[in-house]
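Peer 1: no sequence for this one, just the structure:
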């Protein structure tokens, strides 16, 4: 294509923005090219007319999985690992006086604001993440077409000056259009938000106030399972500890959930709050905002949102006598405001590690009193993320207790498949996906996760396959009718098993990866993920496939080509080679040399350690200790029992 063409790329194009661009270009159209990512309905209707008039307008089509840096890294991963940290630092440098301020009554406010500024993912139209991703997409398109110059028209957003700095790295001219975004929601008004939350539960049948004190509130993942059967459960730590059930409170949304909890002697929390507390609502702006007219509304709104969340949760915690808040969700800034809420009433916040992060990820940053971590390795990775916790408690991987509970079922699955003719069984691990492949790696990668192994099963009668979809509810839609039909036929052979049972309220499958791993001879994860980690802990050879491109992931420091593969064909070839080898020293899928580093205990007691530590904090409250002394005493007890190197204290 002629490099003299004038190319303009629109993040979002409407009739007004297009006409404005034409005026800027003096209504010339012969050498002008227009690309857009998203378009208004009005522009879409008129686009055929514009094309008839000679305007060259194209949709900027791309797939996230194909947007890679020169070193092969998926740009999506680089953005989370590096670019957003750089953007954040520029914000801090630009407003250093603001971020140096302290607020004794709101200790995590700055962390909440900073995290919120860069928290939105590429799914959000005006997010910093999407902006940087589009810089890369446009730059690659510009280079592919040989354009020497190009203009990127973005929607009006804060920190345009920093955006311009980033765009210069890609040799793109940047222009903003459109009205400023209004930062307005019911969370913007703390008193109104509290009233809204009060009346949202006012219609419910009131439950008698609990007589228990020093209770724990658990924010679960939706795994409402109180049968200690090894399947996913938010209560894994309770099953393995002495924590009294009546002191555990869980948010309920339906009568069915409430009855289920009470049947098992746990307390249902209907998130009631006391209207009398409205006079105590703190609605004053905690930190004065001296930002420009573009950034100030956003930062001011985050001040208010923080207060709304904090005040509301103080209301919940005082209503139910909550002194400990436990969550897995470090992936959203709200946990910081909730941590301040429980601290303000003398309580403790705690996070348990759900996933293994093999590289720093900005949206995994947390700020809480206690973090329960797999290993020192994971703690060090969290610190690189900018996470902050007074106590780091190293427990090991908490789900290995399920092994003894799952062995009989796993053996039953295995026996059925062997009786159908399988001699070697592979556990295939997938991930979730979304429809819009521009903002997610998409369904294509997940389809390979099923099609490639199924082709091997069809050709080789000795092979058995176990699939455990992460999202079983949408599996047929995500992999397509054709592949799902092949999967169904494979299941009919008896050599293929689909573990797709759903939990009570969650969209994910309730069976854990360990069940499939125990029934198999070898495991293959089509990505880098925690499920592969879990499979390796039961001694199964485990392969991983880096199709996305994550060269900075720590797995590359820990493993060689015997564990990490670039595509399904090579991984399956290695698996078949493993099955055909008589060499006892075959290192395919071997994790034995690194297990200690990522789980120093490698036993079945991690859940017990976690639950008992929470119980020691509760006992401290029962004995009249304040939050600091309760945490310190619990840490001392843990240190004596499990080793001083399993506690990292970074408090005041």
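Peer 2: That came in fine, so what should we check first? Every value quoted in this text rests on a predicted model; they were computed, and no experiment measured them. Numbering: from 1, shown residues only.
Peer 1: any idea how far residue 490 is from residue 345?
Peer 2: Going from residue 490 to residue 345 by CB to CB, to the nearest Å gives 55 Å. Placement of C-beta: from N, CA and C, glycine included.
Peer 1: so these two - more neighbours on which side?
Peer 2: residue 490 (21 against 14; other CB atoms under 10 Å).
Peer 1: just to be sure, that one is in a strand?
Peer 2: No. Under DSSP: H, G, I helix; E, B strand; the rest coil, residue 490 falls outside any strand and is assigned helix.
Peer 1: wait, it touches residue 459, no?
Peer 2: No. In this structure, residue 490 is not within contact of residue 459 by CB atoms under 8 Å, at 11.9 Å.
Peer 1: what does the helix or strand residue 607 falls within rub up against?
Peer 2: Element membership for residue 607, per DSSP states H and E: helix 606-622. With CB atoms under 8 Å, 6 or more residues apart in numbering as the test, helix 606-622 has contacts from 213-214, 216, 236-243, 247, 323-324, 326, 348, 350, 352, 370, 372, 393, 395-401, 599, 601, 629-631, 633-634, 637-638, 642.
Peer 1: return the subset of those lying in strands.
Peer 2: 216, 323, 324, 326, 348, 350, 352, 370, 372, 393 (DSSP state E).
Peer 1: TSV please, covering the residues you listed and showing distance to residue 567.
Peer 2: Converted to TSV, the ones in strands among the contacts of helix 606-622 look like this (distance: CB to CB, whole Å):
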residue	distance to residue 567
216	46
323	51
324	46
326	40
348	47
350	41
352	34
370	41
372	36
393	39
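Peer 1: next SSE after the worst-scoring helix or strand of the chain on mean pLDDT?
Peer 2: Within the chain, no helix or strand scores below helix 96-99, which has a mean of 83 by mean pLDDT, DSSP states H and E. Helices and strands here follow DSSP H and E; after helix 96-99, the next one along the chain is helix 109-117.
Peer 1: tell me the helix or strand right after that following helix.
Peer 2: From helix 109-117, the next helix or strand downstream (DSSP H and E) is helix 128-145.
Peer 1: buried residues in that next one?
Peer 2: Within helix 128-145, the residues that count as buried by 16 or more other CB atoms under 10 Å are 128-142.
Peer 1: wait, which of those residues is closest to residue 465?
Peer 2: residue 133 (34.8 Å; CB to CB).
Peer 1: what distance do you get for that closest one to residue 438?
Peer 2: Distance from residue 133 to residue 438, by CB to CB: 9 Å.
Peer 1: what's the overlap in contacts for those two?
Peer 2: residue 64.
Peer 1: was I right to think residue 81 contacts residue 358?
Peer 2: No. Using CB under 8 Å, residue 81 is not in contact with residue 358; the gap is 10.3 Å.
Peer 1: neighbour count: the two, which is higher?
Peer 2: residue 358 (22 against 19).
Peer 1: so what's that one up against?
Peer 2: 381, 528, 550, 553, 554, 555.
Peer 1: shouldn't the third one be in contact with residue 75?
Peer 2: No. Between residue 550 and residue 75 there is no contact, the gap being 11.3 Å when judged by CB under 8 Å.
Peer 1: list the contacts of residue 72.
Peer 2: Neighbours of residue 72 in contact, by CB under 8 Å, 6+ apart: 549, 551.
Peer 1: ok, the contacts of residue 358 vs residue 19, which is closest?
Peer 2: Out of these, the member with the shortest distance to residue 19 (by CB to CB) is residue 550, at 43.1 Å.
Peer 1: please point out which parts of stretch 593-610 sit buried.
Peer 2: Buried residues in stretch 593-610 (16+ other CB under 10 Å): 594-595, 598-602, 604-610.
Peer 1: can you give me the end-to-end distance of that stretch?
Peer 2: 25 Å (CA to CA, to the nearest Å).
Peer 1: and the least confident helix or strand of the chain, how far out from the chain middle?
Peer 2: Centroid displacement of helix 96-99 relative to its chain, using CA atoms, centre = their mean, to the nearest Å, is 29 Å.
Peer 1: rebuild the ones in strands among the contacts of helix 606-622 as a markdown table, extending it with neighbour count and distance to residue 408.
Peer 2: Putting the ones in strands among the contacts of helix 606-622 into a markdown table (neighbours: other CB atoms under 10 Å; distance: CB to CB, whole Å) gives the following:
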| residue | neighbour count | distance to residue 408 |
| --- | --- | --- |
| 216 | 25 | 32 |
| 323 | 24 | 39 |
| 324 | 28 | 35 |
| 326 | 22 | 30 |
| 348 | 27 | 38 |
| 350 | 25 | 33 |
| 352 | 23 | 27 |
| 370 | 25 | 35 |
| 372 | 26 | 29 |
| 393 | 25 | 32 |
